[in-house]
Each structure stands twice: as structure tokens, then as C-alpha cells.
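Participant: Okay, predicted coordinates and the sequence, questions at the end:
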Amino acid sequence: MGTSFVSERAMKIPESGVRVMFRIAQRLKDVVNLSLGEPDFETPPYIVAAAVRAMKEGYTHYTPNAGLIEFREAAAEKLSRENKIHADPETEIMATVGSMGALSLAMLTVVNPGEEVLVPSPGFASYEAQVLMAGGRPVSYRLIEEKEFQPDVEELSRLVTSRTKAILLNSPSNPTGSVLSERTIKEIAELAVEQNLIIISDEAYERILYDDAQHLSVASLPGMKDLTISVFSLSKTYAMTGWRIGYAVSSREIISEMTKLQEHLAAHPSSISQMAAVAALTGPDDYVETMVKEYAERRNLVMRELSRVPGLRCVKPMGAFYVFPNISDFGVSSRDFAMHLLKEAKVVVVPGTAFGRFGEGHIRISYSVSEENLLKALSRIGEALERVST
Ligand SMILES: Cc1ncc(COP(=O)(O)O)c(C=O)c1O
């Protein structure tokens, strides 16, 4: 056996728990997959038409590394209108390869080797991986189930050390579906200012909100725009996950450095996706509203069905398209629980530990599947769990 050529950096990154479940599920027949992290809707036709038009009009070449000015202007207008973030499209906004591209660039731009980034747990697994790739150290802060998965800002502040560089926020949250309250966001902004930390705010699910939930961008608070790297995506809002288009907003200095790095990583997101995104950001809103309405109905259905399963407890999600039930009454690890559901119910869910250490005792269910499949999966889950408890 020769020596491995794989770097220590690569080996430090664990395989995503979502992918692991997905791979196992692919080998089984008649499985309902509730592990998906993307909309099950099609990209709205007016966006697809704009992409076709862009190709015919010759938007098939390299673009500036920060993205086409048409895209940045459309994003600036949307940010000002919807997020109350007022940013200069020439210098303070850049197009990225999804929000994932923006998050990676943000970490590479602000984190020095050995510096710490506070990341939510349970939280999106890529945050930890991205901090590690930048040579930093992810430090988990707890989202508290009893507080509807808000963090305790006192507790968070006790994790700050002389090596802490940034706090990552994600609202609405994957995997909990929680939406950070205005109070929590303001307290975290105060903490960041006090401790001289930059906030990286992942707002990929900003439009997927239920009931009276409101989305507040931390960068809209007075003085916070330049102290935040705000990250947005077209993936979830417009069912455009495959188009790989998102954007980042921050100070002129940060955006200039992120753009410099993007030149050497991806150059820029696809020119065609950028033009499709212009149509999305400036177009009608009814597709988004219809999708959110459908998600809301499914959320209600999932909550109703899960409430009938003895032993499962579930905080009502206010955004995104996930629920994160507590399974600790069953006395098994979340991984064993998910494997049990896979084998006995033929339903794929993601163990909570795929979202960090504070995810233990939970599973993530995505309701980005048809109502029919949801009902089928939930009734199978109910039956499989009855067999466990009897
Ligand atoms: C919280 C969160 N942030 C970011 C992303 C990345 O999305 P994209 O790169 O498609 O914008 C995801 C995808 O699932 C996510 O759940």
C-alpha cells in the first residue's frame, strides 16, 4: 500500500450525515425520502425563460468576479426593499456560487489559522466543515429546544475567547425551522460589537416563513452592515438549487477581499444563472407565495401527524421546511433511531447528530415532498414506532 495523498485538511472534514443516509437509502426499494434539503418545486418558468434568453443574447462568457452589474443592481434593490440593507452594488455586493460559495469565501476571508468561529448546534453541517477548511476551529453554541431553538445569549457570550473571530447566525434555521427573534438578534449584535466579532448571517431561507413570523436581517440594524457578512441564496426561495447562485453583502473591504479569493476559486457563478437571477429578483412574487403556502399546509399536516405518535415531541417550526422532533423518550441514539425507521418503515430521515453534538436526541424530517408521500411516510413511522414501544 502506498502512502495516502490526501491532505490532513481534507481528512479532518467528516462526511455529511445527510449524504450517508441518502447513500444507504439508494440501495433500498419503495423508500420515502424525508432527508432532502431542497424544494420539490420546479424553477418558475419566467426564470427559465430568462436563462434561455440570456444564452441567446450572448451571456455565455466570463463575467466580472463580483458578478454582472445587472445582477448586483437587482440584488441591491431587493436588499433595500425587503431586507432594509442599503448597499452599493458596485462595491458592497457580490454574486456567489450559491450561499455555500458565499459562506466558504466568508470563512477564508476572515478566519486566521487557529481562530474560533461560534456556530449553531444543531446547525447546518457545512459551517463546521467550512471553518475547518479555513484552518479555524468551530465552537458550537447551543440552540435551546425549551426556548424554541433560540440561543441563550448569556451562554453564547461565555464561549467568546481571545481567539474568537466570528459568530455564525442562521435564521430561519436548518435543521430546527426556528426563526431568531428580534430580541435575540439585537442582543447578538450588541455582543459582536462589544467583543469586536464579525457576524456571518446565513439567510438562505429568509422567505420561507409561517404564521406571523418575521425575518430580520442583522445587517439592517444601525451600524451593523459593515460588521456582518450577510449571505443570501436563490436556491430555496425560487427552487433554484441546481443553478448555484447566491450573493453576499458586507463592507467594501470584505467584499473586495472575497471577490479576490473568488477569482481563484470559481471565478464567478455562471453568467446564465446570474441573468436568470435578475429575472427572479425583479419578477413577480406569486410563485414564492404559492410555494410557501404549500409548505405551510404540509407543516401543519406533519405537526398533526407527529402529535399522534406517542413519545415524539416537536417544536412547531416557524420557517424553512424542516421539523426537528425530540426522540429521546425512545432511549436510543438518533443514528440508531434513524436506522430503525429506514429498516422498519422504509423512511429516510436524518439523525440529529448530523447537525452537531447538540442535535443528539432528535431527527430531522424534511417536508419538501408531496403531501401524498408525507402522509405515507408519517403513517409508516407511526406503525414502526408502535412496534418499538409494544
Ligand atoms: C442553512 C443553509 N445554508 C446554506 C445552504 C446552501 O444553499 P445554496 O448553496 O444552494 O444556496 C443550505 C442548503 O441546504 C442550507 O440549508
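Facilitator: Looks like it came in fine.
Participant: Which strands or helices does the helix or strand harbouring Leu385 pack on?
Facilitator: Using DSSP states H and E, Leu385 maps to helix 371-389. For helix 371-389, the packing partners by 3 or more Cβ pairs under 8 Å, 6 or more residues apart in numbering; DSSP states H and E come out as strand 32-33, helix 286-307, strand 347-348. The way it works is simple: take the backbone N, C-alpha and C, and place the C-beta from them, glycine included.
Participant: Let's see that with 10 Å instead.
Facilitator: When contacts are defined as 3 or more Cβ pairs under 10 Å, 6 or more residues apart in numbering; DSSP states H and E, helix 371-389 packs onto strand 32-33, helix 286-307, helix 334-340, strand 347-348, strand 363-366.
Participant: Measure how buried Leu234 is and give me the count.
Facilitator: 26 (other Cβ atoms under 10 Å).
Participant: quick one: pLDDT of it?
Facilitator: For Leu234, the model assigns a pLDDT of 98.
Participant: how far out from the middle of the chain is the host helix or strand of Ala54?
Facilitator: Taking DSSP H and E as the definition, Ala54 sits inside helix 45-56. Relative to the chain's own centre, helix 45-56 is displaced by 26 Å; criterion: Cα atoms, centre = their mean, to the nearest Å.
Participant: next structured bit after it?
Facilitator: Assignment by DSSP H and E places the next element after helix 45-56 at helix 69-78.
Participant: how far out from the middle of the chain is that next one?
Facilitator: The chain centre lies 22 Å from the centre of helix 69-78; the measure is Cα atoms, centre = their mean.
Participant: Against which helices or strands is the helix or strand following it packed?
Facilitator: Next helix or strand after helix 69-78 toward the C-terminus (DSSP H and E): strand 93-96. Judged by 3+ Cβ pairs under 10 Å, 6+ apart, strand 93-96 is in contact with helix 69-78, helix 98-110, strand 228-233, strand 246-249, helix 252-265, helix 271-282.
Participant: hmm, try it at 7 Å
Facilitator: Judged by 3 or more Cβ pairs under 7 Å, 6 or more residues apart in numbering; DSSP states H and E, the packing partners of strand 93-96 are helix 69-78, strand 246-249, helix 252-265.
Participant: Report the strands that pair with that strand, each with its relative direction.
Facilitator: Note on strand 93-96: by DSSP bridges, its sheet partners are strand 246-249 (antiparallel).
Participant: when you scan the partner strand, is anything in it near the ligand?
Facilitator: Yes: using Cβ under 6 Å from any ligand atom, strand 246-249 reaches the ligand at Gly246.
Participant: just the CA coordinates of that strand, formatted as PDB?
Facilitator: Provided in PDB are the C-alpha atoms of strand 246-249 (Å, rounded to 0.1, in the frame of the first residue of the first chain):
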ATOM      1  CA  GLY A 246     -26.400  33.400  -4.300                       C
ATOM      2  CA  TYR A 247     -24.900  36.700  -3.100                       C
ATOM      3  CA  ALA A 248     -23.000  38.300  -0.200                       C
ATOM      4  CA  VAL A 249     -23.200  41.800   1.200                       C
END
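Participant: Going by neighbour count, which residues of it are buried?
Facilitator: Neighbour counts over strand 246-249 (16 or more other Cβ atoms under 10 Å) mark 246-249 as buried.
Participant: Gln274 against Gly67, yeah?
Facilitator: Yes: Gln274 is within contact range of Gly67, at 5.6 Å (criterion: Cβ atoms under 7 Å).
Participant: what residues do these two have in common as contacts?
Facilitator: Common neighbours of Gln274 and Gly67 (criterion: Cβ atoms under 7 Å, 6 or more residues apart in numbering): Ala95.
Participant: List the contacts of Ser16.
Facilitator: Applying Cβ under 7 Å, 6+ apart, the residues near Ser16 are 125, 354.
Participant: Ile144 versus that one, what's the distance?
Facilitator: 25 Å (Cβ to Cβ, to the nearest Å).
Participant: cool, Glu8 as well?
Facilitator: 34 Å.
Participant: Quick check on the two: which one has the bigger neighbour count.
Facilitator: When neighbours are counted by other Cβ under 10 Å, Glu8 and Ile144 differ, and Ile144 comes out ahead with 14 against 6.
Participant: and the closest residue to the more buried one other than its chain neighbours, backbone torsions?
Facilitator: Once flanking residues are discounted, Ile144 sits nearest to Asp152: 5.9 Å by Cβ to Cβ, 6 or more residues apart in numbering. When read as degrees, to the nearest 10, the backbone of Asp152 gives phi -90, psi 120.
Participant: By average pLDDT, which secondary structure element in this protein comes out worst?
Facilitator: helix 17-26 (a mean of 79; mean pLDDT, DSSP states H and E).
Participant: picking up where we left off before, and the helices and strands packed on strand 93-96, which is most packed in?
Facilitator: Highest mean neighbour count among the helices and strands packed on strand 93-96 (mean count of other Cβ atoms under 10 Å): strand 246-249, with a mean of 30.
Participant: Just the mean pLDDT for that strand, thanks.
Facilitator: In this model, strand 246-249 has a mean pLDDT of 98.
Participant: Likewise for stretch 136-152?
Facilitator: For stretch 136-152, mean pLDDT is 97.
Participant: do the same with stretch 195-207
Facilitator: Here the average pLDDT along stretch 195-207 is 98.
Participant: neighbouring contacts of it?
Facilitator: By Cβ under 7 Å, 6+ apart, the residues outside stretch 195-207 that reach it are 99, 103, 106, 110, 160, 164-170, 172, 174, 192, 215, 217-219, 227-233, 235-237, 288, 292, 319-320.
Participant: please redo it, this time with the cut-off set to 6 Å
Facilitator: Identification of contacts with stretch 195-207 by Cβ atoms under 6 Å, 6 or more residues apart in numbering yields 99, 106, 110, 160, 166-170, 172, 192, 215, 218, 228-233, 236-237, 288, 319-320.
Participant: export the helices and strands packed on helix 371-389 to TSV and tack on mean neighbour count, mean pLDDT and distance to Ser126?
Facilitator: Converted to TSV, the helices and strands packed on helix 371-389 look like this (neighbours: other Cβ atoms under 10 Å; pLDDT from 0 to 100; distance: least, Cβ to Cβ, whole Å):
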stretch	mean neighbour count	mean pLDDT	distance to Ser126
strand 32-33	20	93	20
helix 286-307	16	96	22
helix 334-340	20	93	19
strand 347-348	24	94	20
strand 363-366	27	97	15
